[in-house]
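S.K.: from the sequence below, what's the structure:
(one chain, ligands or ions: 1)
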Amino acid sequence: MKFTELDLKPGILKALQKKGYEDLTPIQEQTFPHVLSGKDLIALAQTGSGKTAACAIPVVQSVDPSIKEVQALILVPTRELALQYVDEIAWIAKETDVSTFAVYGGFSMDIQKSKLAHGVQILVATPGRLIDLLYNSDLRLAEVRYFVLDEADEMLNQGFLTDIEFVFSCMIHEHHTMLFSATMPNEIKHLSKNYLDNPEIFELIADQKAPSSLKHCFEQVAPRRRFETLLKLIKDEDPKQVILFCSSRRNCDTLYDHLKKEVKSVEQIHGGLDQNKRTSLFRRFKRLDIRFLVATDIASRGLDFSHTDLVINYDLPQNPEAYTHRTGRTARMGREGKAVTFVGNRDFGKLKMILRVNRIDAEWIGETPDMSKASAGKKKRRRRPSGKKRPGPKRADGQKAEGQSATAKKKRRRRRKPKTQE
Ligand code: AMP
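M.R.: Purely as a prediction, here's the structure:
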């Protein structure tokens, strides 16, 4: 189906035409009529499917620019996703009078308050900062007619359930909720049962084009030869743009320090940088002003870098899900892309699990190692002597997660997934 077949505002059609969007993606084709008719929905979809525009276009179409209040609220788990979302809405709404803005932690609340006071119709927010603003500014949600939860499973993983429930409790008036998630854990079912009105469920993950354009390569590398192997790989591949993933801030720093002596246009991004720096890096990388980005998993989830043709897992990802998110930064929307993962001989157990869960046929650069003795199963838990409690999980960095409230922090302690330092 073509965008011109839809009854969209002329300004939106003009923007879509300028951007070169002609046909709707499958997720857009399925969800558009539903969103425009004002029904609740749950869409199980991943990034790369066009889900941002699937939601942004009908929302820009439906809000009334003459009302200077927030009419659409979009909650996202991270600051970078907030920026990506608001940028996408901004260009869709460019030829209209609709105003959009993003609020997130690490940025001046006074500036955010003054922008909100001037009238914003579509607000993108991370949960913590939104709640701070609800308590400490004139921001009200009484006019919100569209409430979007993007990457809902990730928000719940980050312990935002209580915060999300609080936001729902601020919107007792009639509104339309759209929940986008890659998976359907029990908490999403719980949210759906308590806060959504008979939602239509779209399971779009199976429909998504398998990224056959993404090549999965692996290379066994001894720790001391890792950097040298990396330089050779970069020389052989001559990529347009690369993300190099490391498992911690410290590894990021080390790799960045070495790499900037060898190649031009290198930057690094991790949770230790201040928000202005992160915002500027993220935008410059999207514009292709940066060729090599050394990153922690902070750059792995949901972000759309259309120029990136190579992802290098300099350190092995923690689990199969992290592998999918990291490698999903390339080969987007059917483009060609390659992921190269460096593997040490202690990584075989974890690697087997990544390959099995993601159903990947590994293509090895150099010799194929013998992994037959490594176990891909979960480690058996040793029993604790009776009466002794299991110590609670500790976050490696001891840092506060972005904008979380005290209740969310309590929830975070109960997180199931171990998190690496971002
Ligand atoms: P998303 O899943 O929202 O991260 O989108 C993935 C990529 O697809 C982004 O670069 C979008 O700009 C692009 N995109 C979304 N919808 C369309 C469309 N209908 N035609 C072409 N590109 C699109």
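
S.K.: isn't Gly50 right up against Gln30?
M.R.: No. The criterion here is CB atoms under 8 Å, and Gly50 misses it with Gln30 at 10.9 Å. For every residue, glycine as well, the C-beta is placed using N, CA and C.

S.K.: okay, the two: which has more neighbours?
M.R.: For Gly50 versus Gln30, neighbours defined as other CB atoms under 10 Å are more numerous around Gly50 (21 against 18).

S.K.: quick one: residues contacting that one.
M.R.: 24-25, 27-28, 333 (CB atoms under 8 Å, 6 or more residues apart in numbering).

S.K.: and the residues you listed, which are buried?
M.R.: The neighbour-count criterion (16 or more other CB atoms under 10 Å) marks 24-25, 27-28 among the contacts of Gly50 as buried.

S.K.: ok, and which of these reach the ligand?
M.R.: 24-25, 28 (CB under 6 Å from any ligand atom).

S.K.: reformat those residues as a markdown table; add secondary structure.
M.R.: Shown next, in a markdown table, are these (DSSP: H, G, I helix; E, B strand; the rest coil):
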| residue | secondary structure |
| --- | --- |
| Leu24 | coil |
| Thr25 | coil |
| Gln28 | helix |
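
S.K.: show me which of those is closest to Lys264.
M.R.: Closest approach to Lys264 among these (CB to CB): Thr25, at 35.5 Å.

S.K.: quick one, grab the pLDDT at the residue lying closest to that closest one once chain neighbours are set aside.
M.R.: Spatial nearest neighbour of Thr25, excluding adjacent residues (CB to CB, 6 or more residues apart in numbering): Gly50 at 3.5 Å. Per-residue confidence (pLDDT) for Gly50: 86.

S.K.: from here on, count from 43
M.R.: Will do, 43 is the new start, and the previous item becomes Gly92.

S.K.: buried residues, the helix or strand containing Lys392. List them.
M.R.: Per DSSP states H and E: Lys392 is located in helix 390-399. Within helix 390-399, the residues that qualify as buried are 390, 392-397, counting by 16+ other CB under 10 Å.

S.K.: could you do stretch 150-164 as well?
M.R.: 154, 158, 162-164.

S.K.: can you put the residues you listed in JSON lines and add pLDDT?
M.R.: Listed next are the buried residues of stretch 150-164 as JSON lines, based on pLDDT from 0 to 100:
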{"residue": "Gln154", "pLDDT": "96"}
{"residue": "Leu158", "pLDDT": "95"}
{"residue": "Val162", "pLDDT": "97"}
{"residue": "Gln163", "pLDDT": "98"}
{"residue": "Ile164", "pLDDT": "98"}
